[in-house]
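# Sequence and predicted structure below; questions after.
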Amino acid sequence: MDAKRLKDIPLFAGLREEDRAAIAGWADEVDVPEGKHLVDQGRFSYEFFVILDGAADVLQDGKRLTSLGPGDVFGEMGLLGEDQLRTASVVATSPMRVIVMLGRDFAAMERSIPKVAAEIQTICRERTRGALAD
């Protein structure tokens, strides 16, 4: 993936150029068609996503919880040990372009660039608080 694209994503924008280059080496950019299930509730978690373009719905037990768009992340909770199984499904509602990082690469990023891992953990905590409030 092109490290320059990461500069436009809030999660990675404040990083040093060499950190973005490392992340680009661990990640892939993938095109996703509308209707594609990116993750399915109840399945094992082994990848993390960042949306570059397009939109997706988050569904839990078939109920729409929210919509995601450019800059949003998902799939991180299982990789951070919050839950090994997916707690929701994510389905593309338009053609999408996403960054995908496998669990082993996500772990390497956590060790090498703890600032990003800390930001992702903050996102997890906010989501968990939001889910508990509902």
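That came through, no problem.
# Tally up the residues packed near residue 103, please.
The number of residues packed around residue 103, counting by other Cβ atoms under 10 Å, is 15. Where C-beta positions appear, they are placed from N, C-alpha and C, glycine not excepted.
# my read: it touches residue 46, true?
Yes. Proximity of residue 103 to residue 46 meets the contact threshold set by Cβ atoms under 8 Å, at 4.8 Å.
# how about low-confidence regions in this protein?
Low-confidence segments of the chain, defined by pLDDT under 70: 77-83, 124-125, 127-134.
# Walking through it, point out its helices one by one.
In chain order, the chain shows helices spanning 3-6, 10-13, 17-26, 76-79, 103-112, 114-133, with DSSP state H as the criterion.
# Out of those, indicate the one that is most buried.
Mean neighbour counts were taken over the helices of the chain using mean count of other Cβ atoms under 10 Å, and the top value, a mean of 22, falls to helix 76-79.
# Now do the contacts for residue 34.
Residue 34 is in contact with 92, 93, 94, 95, 96, counting by Cβ atoms under 8 Å, 6 or more residues apart in numbering.
# Farthest pair within these?
Distances among the contacts of residue 34 were taken as Cβ to Cβ; the most separated pair is 93 and 95, at 9.6 Å.
# Counting neighbours, go ahead and name the busier of these two.
When residue 93 and residue 95 are compared on other Cβ under 10 Å, the one with more neighbours turns out to be residue 93, at 17 against 14.
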